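>>> dropping a prediction and its sequence here:
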Amino acid sequence: MVDQEQQHPETLHTPSARSIRELVFGVNDGLVSVTAIVMGVTGARLTPHDIVISGLSAVTAATVSMGLGAYLSTMAENEYFLAELHREEYEVETIPDEERKEVEAIYRAQGFTRDDTRKLTDHVTSDRKRWVAFMMREELGILVDAMDNPWRNAWIMAVAVVLGSLPPMVPYVVFSNSHTAMMVAIVLACLAAFSLGVLKARIGRGNWLRSGVQFVLVTAAAVAVGIAAGHLFRGLFR
């Protein structure tokens, strides 16, 4: 009989999976936000020098904001995990009979026979550490060792934002003509968006073409909004 603690690990949220999530989210945020900003200032007919300064300011702000956001969200998640862990430890210690009934109910819901349920429950509840880990995983969907390092997530997010900002920013450094830089930036941003969508689909085993197109459409919307906003504000503050 297979120990239930060895089953379906892929269904649980692991630190490595969340790191990939942070990476994809950060790259996409940097790509979309910076693309929208440089399109906006280009539409407002700023000089390439001013566009680069505006873009770098946006990258700096987004990097700090998203990095600190990842740090704070990871801290909050870890605090929640610890609170639930302490609650389960307290319940196993103070109301073991009720907790044992919960273990039995979980196994019955999974379709085990009465005899198998009793044997599995005896095995799980024979060790308090294993018992608590079982309740955390099966009742709450939390792995006991699933807590992330907040600073690690913050750095992953910050680096991802910078990487995502490169496609729309580099052309303005290379080309002195704003219109040429904008055309190249749009192409690079769409290629980067499509590649990111394909990567996301491969990780999640989804449809790579549909995912790539979805990311391109989001980036295209950022381009359109940025250009429209630039023309609008230029008209308002001319």
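Sure thing, it's come through. Numbering: from 1, shown residues only.
>>> contacts and neighbour counts: CA atoms only from here.
Noted.
>>> now do the helix or strand hosting residue 133: which elements does it pack against?
Element membership for residue 133 (DSSP states H and E) is helix 128-140. When contacts are defined as 3 or more CA pairs under 8 Å, 6 or more residues apart in numbering; DSSP states H and E, helix 128-140 sits against helix 48-94, helix 114-125.
>>> mind running it again at 6 Å?
Using 3 or more CA pairs under 6 Å, 6 or more residues apart in numbering; DSSP states H and E as the contact test, no helix or strand touches helix 128-140.
>>> in that helix, what's buried?
Within helix 128-140, the residues scored as buried using 16 or more other CA atoms under 10 Å are 131-136, 138.
>>> over to stretch 49-59?
51-52, 54-56, 58-59.
>>> okay if I get those residues as CSV plus pLDDT and distance to residue 230?
CSV is the format used below for these (pLDDT from 0 to 100; distance: CA to CA, whole Å):
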residue, pLDDT, distance to residue 230
51, 90, 12
52, 91, 15
54, 90, 13
55, 91, 14
56, 93, 17
58, 91, 15
59, 93, 18
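>>> let's have the buried residues of helix 128-140 in TSV, adding pLDDT and distance to residue 177.
Output for the buried residues of helix 128-140, formatted as TSV (pLDDT from 0 to 100; distance: CA to CA, whole Å):
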residue	pLDDT	distance to residue 177
131	92	66
132	92	63
133	90	61
134	92	62
135	92	62
136	90	58
138	88	59
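>>> so what's the gap between the helix holding residue 133 and the chain middle?
26 Å (CA atoms, centre = their mean, to the nearest Å).
>>> tell me the angle of that helix relative to helix 48-94?
120 degrees (axes from the mean of the first three to the mean of the last three CA atoms, to 10 degrees).
>>> list of residues touching helix 128-140?
The contact list for helix 128-140 (CA atoms under 6 Å, 6 or more residues apart in numbering) reads 124-125, 142-144.
>>> how about JSON lines for the residues you listed, with pLDDT and neighbour count added?
Formatted as JSON lines, the contacts of helix 128-140 follow (pLDDT from 0 to 100; neighbours: other CA atoms under 10 Å):
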{"residue": "124", "pLDDT": "93", "neighbour count": "22"}
{"residue": "125", "pLDDT": "93", "neighbour count": "18"}
{"residue": "142", "pLDDT": "81", "neighbour count": "20"}
{"residue": "143", "pLDDT": "77", "neighbour count": "20"}
{"residue": "144", "pLDDT": "69", "neighbour count": "17"}
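>>> and those, which is closest to residue 111?
Ranked by distance to residue 111 (CA to CA), those are led by residue 124 at 17.0 Å.
>>> need the contact list for that closest one.
Contacts of residue 124 (CA under 6 Å, 6+ apart): residue 131.
>>> look up how far residue 32 lies from it.
Residue 124 sits 48 Å away from residue 32, going by CA to CA, to the nearest Å.
>>> turn the contacts of helix 128-140 into a markdown table, including distance to residue 90.
A markdown table is the format used below for the contacts of helix 128-140 (distance: CA to CA, whole Å):
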| residue | distance to residue 90 |
| --- | --- |
| 124 | 17 |
| 125 | 14 |
| 142 | 17 |
| 143 | 17 |
| 144 | 15 |
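>>> what ranges of the protein fall below the confidence cut-off?
Across the chain, the ranges flagged by pLDDT under 70 are 1-18, 144, 238.
>>> switch the cut-off to 50
The chain contains residues with pLDDT under 50 at 1-12.
>>> contacts only, for residue 182.
Contacts of residue 182 by CA under 6 Å, 6+ apart: none found.
>>> gap between it and residue 211?
25 Å.
>>> now the element after the helix holding residue 133, going C-ward?
That would be, after helix 128-140 and using DSSP H and E, helix 150-174.
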